[in-house]
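Colleague: Provided below are the primary sequence and the corresponding predicted coordinates.
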Amino acid sequence: MGYKKGDLGESRESRSVSKQKAELLEQLCQLHKGGYNFMQLYFIEYDQRGLLSSGVYLSVRHEGEIHSCGDGIDEGSRAEFEHFCQKLRDSKGNSYGSLCTTTTRTGRGRFCLRVKVELPGDIKSKVRLGVFRKCSKVPRGNAKYTIKSTEKLAERKYVICADEIESPKSCCGKDMCLVSRTQVKVKGEYILVTPQGNQPDRCKVNSTSGVAKCIVGLTCPAK
C-alpha cells in the first residue's frame, strides 16, 4: 500500500506555506511510525494573485515495498546502466547507424538509461523503444514500446528512468531488457535495421518482426 504523488498535503490559496510544512511534518511522523519511508517533499506557493508559483507534495512508500527499479535503489547508492554500442544493419549487412546505451540523470536526481540512436539525418526513420525487467516478461503488441519517435535527425537521444521500469523486486545487479524496433526509409520504402555487433549474445532479433531484445546490466554502487 503506498501513496501517490499529490495524495497528501496539496496546497490551497487560503493556506500558508508555514502551516503546510507543519502539517506535512506531522503526517510524515505518523507515516514513519506506520513503517513508511520518506521519499520526496515539495512545497507549493501561490502569489498574491492566487497563481501557482511552486509545488508541494509528499511522496512515500511502505518500508520494503517495491514497484519499480527506482524503488530498489538504496539511499546512498546510485544506479548505473551498462554502456554498449551496436551497429544498426539491414538484412544484407549494410550499416545505417548505431544504437548505444549509457547512464544519465535528470534534474531531480533520477537515474535513467539513455539510448542514443544515430541514423542518417537526411532520411526518415521510425524508432520504437521500451525497457523491462526481463525479456521473458515483455508484453505483446505496441504495449512493449514506451517511446515512439518519427524524426529526421542524425542523432536521437531517448531517456527511460529507473522508476519507470516496473518491477516487484530490486533490479540492482540484474539484467534489464531493452526492446527496440527501428526502420529507415530507403528509396521510398521503410526497411528494418537491427542492432548487430561483436557481442552476439547482447541482442536477440526476431527476423520476421525486426524486434530486438538487448540485455542491459544495472548495478547500484555506493555514491
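Modeller: Nice, I can see it.
Colleague: Now the element after the longest strand seen in the chain, going C-ward?
Modeller: Using DSSP state E to define each element, the chain has its longest strand at strand 174-186. Sequence order places strand 189-196 as the next helix or strand after strand 174-186, per DSSP states H and E.
Colleague: Now do the buried residues in that following strand.
Modeller: 191-196 (16 or more other Cβ atoms under 10 Å). C-beta: built from backbone N, CA, C; applies to glycine.
Colleague: next one: stretch 74-81
Modeller: 79-81.
Colleague: Pick out whichever of those sits closest to Arg140.
Modeller: Comparing the buried residues of stretch 74-81 against Arg140 with Cβ to Cβ places Phe81 closest, at 24.9 Å.
Colleague: wait, doesn't the closest one sit right on Thr103?
Modeller: Yes. Assessed by Cβ atoms under 8 Å, Phe81 is found in contact with Thr103 at 4.6 Å.
Colleague: okay, and the common contacts of these two?
Modeller: Taking Cβ atoms under 8 Å, 6 or more residues apart in numbering as the contact rule, Phe81 and Thr103 both touch 111-114.
Colleague: which two from those residues end up farthest apart in space?
Modeller: Phe111 and Arg114 (10.6 Å).
Colleague: Who has more neighbours out of those two?
Modeller: Phe111 (21 against 17; other Cβ atoms under 10 Å).
Colleague: and that one, what is it in contact with?
Modeller: Phe111 neighbours (Cβ under 8 Å, 6+ apart): 70, 73, 78-81, 103, 105, 161-162.
Colleague: Apply 6 Å and report the result again.
Modeller: By Cβ atoms under 6 Å, 6 or more residues apart in numbering, the residues touching Phe111 are 79, 162.
Colleague: Also Leu119?
Modeller: With Cβ under 6 Å, 6+ apart, Leu119 has these contacts: 96-97, 125.
Colleague: what's the nearest residue to it if we skip its chain neighbours?
Modeller: Gly97 (4.1 Å; Cβ to Cβ, 6 or more residues apart in numbering).
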